[in-house]
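# Below are the sequence and a predicted model for it; my questions follow.
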Amino acid sequence: MEAVVNNNEGPILPSKGKKRKWIYAKKPSGKLYNYRQWVGYSLLLFLFAAPFIKIDGNPFLMFNIVERKFSIFGNMFFPQDLHIFVFGMLIIMVGIVLFTAVFGRVWCGWTCPQTIFLELIFRRIEYWIEGDWTQQKKLNEGPNTDARAWKKLLKHTIFILISCFISNIFLAYIIGVDELLNIISDPIDQHLGGFVAIVIFTGLFYAVFAHVREIVCTTICPYGRFQGVLLDDQSMTVAYNVERGEPRGKLSKVKESKNGDCVDCGLCVHVCPTGIDIRNGVQLECVNCTACIDACDEVMQKIGKPSRLIGFYSLGEVEGKKNFKKSYTRQILYSVILVLLTSVFLFLIFNRADIDGSLLRATGSTYQTQPDGRISNLYTIELINKSGKAIPFELKPTDSNYTLQLVNQIDTLTKDGSAKMSFFLITDKKNIDTYKTKTSIQIHSEGKEVNTLKTTFICPPGAKN
Ligand code: SF4
Ligand code: SF4
């Protein structure tokens with residue numbers, strides 16, 4: 001198979017002095033589009049439901065960057081959990097690179113929220129109100145009638161309402177659904193900042209889905225711009241089989257026709273949401289939505305030719321590279337790496353201690369000699385509650401030779417709260433061998449040990465004797 005590879009980086013953008021070419025995409029249909037709808041609507045359901053789901057009183061997902069509180073699967077994360085967060089970000093980045101290297105830009109066409117919102121919500125409303133692409137074009141290029149004004153008013157009102165809904169959901173991910181409900185139900189002046197945020201995000205989403213549209217994918221989104229470096233010979237992408245399709249030409253009844261299978265119907269171009277012609281080769285503007293595969297398969301079926309004149313092919317096949325051999329080793333290897341990384345991440349999340357903290361010897365102090373001759377060290381402990389509920393706790397020395405004497409008594413951590421305490425560790429000189437002895441403090445809660453913090457105990461040299 002051979003094809004032209006067009007790495008044309010110029011999107012369909014209004015260059016200087018030129019007007020932007022508005023894309024009227026034909027309503028897609030077909031097997032892959034049905035699958036895409038299943039995937040897309042399931043993801044939308046998850047996206048809309050996730051902030052409302054609570055586990056032990058914590059949101060299923062929340063990314064409160066303002067208060068630096070995050071919730072993943074109902075587990076609260078604080079700045080102290082930075083390592084888990086960084087690891088999570090690393091997995092996402094590695095995942096994107098590996099996934100793209102293997103499956104190309106499938107993320108863009110099938111799972112990216114931008115595409116799902118645009119193709120499965122906004123564009124469908126447009127089809128419903130203004131009709132398919134030819135009717136939309138006619139309406140926009142036609143005279144300014146009352147019917148046209150009403151249609152536009154209805155469409156944009158619905159667009160604004162949906163944008164407002166998305167804006168609320170977006171905010172629920174950031175500040176949590178309880179705070180969002182407060183903003184909605186309380187008088188505006190009590191949550192002016194929140195109200196302004198909703199208005200700004202509504203405007204932003206409306207602008208993106210009603211006007212900017214495919215320019216987000218072809219120009220603004222950095223992921224799209226990285227495709228060139230992320231893809232290689234083995235990467236799968238939507239491509240046109242030039243060898244089979246060319247020379248293109250109208251369907252001929254003549255048996256000896258030298259034409260290829262492409263009947264030049266243009267349907268693959270009409271359905272394309274980014275307005276490209278996939279027959280010109282692999283292009284960065286292609287979001288791998290597969291609408292052109294469906295369109296072409298339907299044509300092939302009608303004319304009695306095999307399907308997949310446009311299909312999923314590896315770049316090596318498309319470019320017609322000599323000695324190119326399809327291999328699945330990399331796909332398997334990358335998937336194994338991703339599964340391993342994700343397992344470690346999940347392990348870190350679900351095995352995190354309910355109470356975390358830091359334990360330090362009091363600044364500037366070494367040891368004290370008690371009236372009864374025993375040696376004591378003064379410590380400061382800072383605890384943070386990560387259990388998502390109020391939790392009782394108790395401190396115990398791991399080594400039974402030590403006695404723990406609290407300076408200030410705190411025995412419960414409030415939900416998401418923290419506590420700072422001081423205490424003495426006291427022991428008999430005879431228990432100590434060295435100047436600095438390693439020891440630790442256990443944190444117990446509801447009958448079980450939830451964490452152990454390490455420290456050292458200082459005792460004067462030769463104290464044992
Ligand atoms: S070329 Fe095909 S797969 Fe690519 S964006 Fe256009 S319709 Fe979607
Ligand atoms: S849909 Fe298929 S047959 Fe029609 S122009 Fe595109 S590639 Fe050719």
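Structure's in. What do you need? Ligands and ions are numbered 1, 2, ... in the order given.
# Check which helices and strands the longest helix along the chain sits against.
With DSSP state H setting the assignment, residue counts place helix 146-175 as the longest helix in the chain. Contacts defined by 3 or more C-beta pairs under 8 Å, 6 or more residues apart in numbering; DSSP states H and E place helix 146-175 against strand 61-64, helix 123-130, helix 177-185, helix 192-207. C-betas here are computed from N, CA, C, even on glycine.
# go again using 6 Å as the cut-off
The criterion is 3 or more C-beta pairs under 6 Å, 6 or more residues apart in numbering; DSSP states H and E, and the helices and strands that helix 146-175 contacts are helix 123-130, helix 192-207.
# Mind checking the pLDDT average for the one helix or strand residue 301 maps to?
With elements taken from DSSP states H and E, the one containing residue 301 is helix 291-302. Over the span of helix 291-302, the pLDDT mean works out to 96.
# hmm, the following helix or strand past that helix in reach of ligand 1?
Once helix 291-302 ends, the next helix or strand along the chain (criterion: DSSP H and E) is strand 310-314. No - interface with ligand 1: strand 310-314 contributes nothing (C-beta under 6 Å from any ligand atom), its closest point being 7.0 Å away.
# picking that back up, can I get the helices and strands packed on helix 146-175 in a markdown table with mean neighbour count, distance to residue 442 and mean pLDDT?
Rendered in a markdown table, the data for these read as follows (neighbours: other C-beta atoms under 10 Å; distance: least, C-beta to C-beta, whole Å; pLDDT from 0 to 100):
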| stretch | mean neighbour count | distance to residue 442 | mean pLDDT |
| --- | --- | --- | --- |
| helix 123-130 | 16 | 58 | 97 |
| helix 192-207 | 15 | 42 | 95 |
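# Ligand 2 is nearest to which of the ones you listed?
helix 123-130 (19.8 Å; C-beta to the nearest ligand atom).
# Which strands and helices lie in contact with that closest one?
For helix 123-130, the elements it packs on are helix 146-175, judged by 3+ C-beta pairs under 6 Å, 6+ apart.
# how distant is the helix it packs on from the center of its chain?
Taking the mean C-alpha point of helix 146-175 and that of its whole chain, the gap between them comes to 23 Å (C-alpha atoms, centre = their mean, to the nearest Å).
# That one versus helix 123-130: what angle between them?
With axes from the mean of the first three to the mean of the last three C-alpha atoms, to 10 degrees applied, the angle from helix 146-175 to helix 123-130 works out at 160 degrees.
# Helix 146-175: which residues count as buried?
Within helix 146-175, the residues that qualify as buried are 151, 155, 158-159, 162-164, 166-175, counting by 16 or more other C-beta atoms under 10 Å.
# swap in stretch 50-65?
50-51, 58-64.
# and of the residues you listed, the nearest to ligand 1?
Proximity of these to ligand 1 was ranked by C-beta to the nearest ligand atom; the top entry is residue 50 with 27.8 Å.
# Per-residue pLDDT of the residue of the stretch 1-150 of the chain at minimum distance from ligand 1, please?
Among residues of the stretch 1-150 of the chain, the one nearest ligand 1 by C-beta to the nearest ligand atom turns out to be residue 109. It sits 5.9 Å away. We have a pLDDT of 91 for residue 109.
# which SS class is it?
helix (DSSP: H, G, I helix; E, B strand; the rest coil).
# Spatially nearest residue to it (excluding sequence neighbours)?
Nearest non-adjacent residue to residue 109, counting by C-beta to C-beta, 6 or more residues apart in numbering: residue 289, 3.4 Å away.
# quick one, domains of the chain?
Segmentation of the chain into domains, based on automatic domain parsing, reads 1-142+213-352, 355-458.
# which of the ones you listed has the lowest average pLDDT?
Lowest mean pLDDT of the domains of the chain: domain 1-142+213-352, a mean of 84.
# do that domain and ligand 2 meet?
Yes - using C-beta under 6 Å from any ligand atom, we find that domain 1-142+213-352 touches ligand 2 at 240, 245, 262-268, 279, 295-296, 299, 309-310.
# just the buried members of those residues?
Buried residues within the residues of domain 1-142+213-352 next to ligand 2, defined by neighbour count using 16+ other C-beta under 10 Å: 240, 245, 262-263, 265, 267-268, 279, 295-296, 299, 309-310.
# What is the nearest of these to residue 433?
residue 310 (77.4 Å; C-beta to C-beta).
# Make sure the closest one is actually in contact with residue 293.
Yes - A contact is recorded between residue 310 and residue 293 when judged using C-beta atoms under 6 Å, the distance being 5.1 Å.
# joint contacts of these two?
Counting by C-beta atoms under 6 Å, 6 or more residues apart in numbering, residue 310 and residue 293 have no contacts in common.
# Assign residue 377 to one of the three secondary structure states.
Under three-state DSSP, residue 377 falls in the strand class.
# Double-check it against residue 367; I have them as touching.
Yes - under the criterion of C-beta under 6 Å, residue 377 lies in contact with residue 367, with a separation of 5.5 Å.
# Those two: which is more packed in?
Comparing residue 377 with residue 367 by neighbour count (other C-beta atoms under 10 Å), the higher total belongs to residue 377, at 23 against 17.
# So what pairs up with the more buried one in the strands?
In this structure, residue 377 has the following beta-bridge partners (DSSP bridges): residue 425.
# correct me, but residue 289 touches residue 108?
No - under the criterion of C-beta under 6 Å, residue 289 is not in contact with residue 108, lying 7.6 Å apart.
# higher neighbour count, those two?
Regarding residue 289 and residue 108, a neighbour count based on other C-beta under 10 Å identifies residue 289 as having more, with 27 against 21.
# In a strand, that one, correct?
No - with three-state DSSP as the criterion, residue 289 is assigned coil and is not in a strand.
# need the helices for the stretch 1-150 of the chain, in chain order.
Counting by DSSP state H, counting those that start in this stretch, one finds helices in the stretch 1-150 of the chain at the ranges 31-49, 82-103, 106, 113-117, 123-130, 133-141, 146-175.
# Turn those into a markdown table, columns for distance to residue 347.
As requested, the helices of the stretch 1-150 of the chain are arranged in a markdown table below (distance: least, C-beta to C-beta, whole Å):
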| stretch | distance to residue 347 |
| --- | --- |
| helix 31-49 | 23 |
| helix 82-103 | 10 |
| helix 106 | 28 |
| helix 113-117 | 28 |
| helix 123-130 | 41 |
| helix 133-141 | 50 |
| helix 146-175 | 25 |
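# Off-centre distance for the helix or strand hosting residue 380?
Using DSSP H and E, residue 380 maps to strand 375-385. Averaging C-alpha coordinates over strand 375-385 and over its chain gives two centres that are 39 Å apart (C-alpha atoms, centre = their mean).
# swap in stretch 404-424?
Counting by C-alpha atoms, centre = their mean, stretch 404-424 is centred 38 Å from the centre of its parent chain.
# Residue 382 touches residue 358, doesn't it?
Yes - when contacts are counted by C-beta under 6 Å, residue 382 is listed as touching residue 358 (5.2 Å).
# Which among the domains of the chain is found nearest to residue 191?
Evaluated with C-beta to C-beta, the domains of the chain place domain 1-142+213-352 nearest to residue 191, the distance being 13.1 Å.
# ok now that closest one, how far from the chain's centre?
The chain centre lies 15 Å from the centre of domain 1-142+213-352; the measure is C-alpha atoms, centre = their mean.
# next one: stretch 383-403
On C-alpha atoms, centre = their mean, the centre of stretch 383-403 falls 35 Å from that of its chain.
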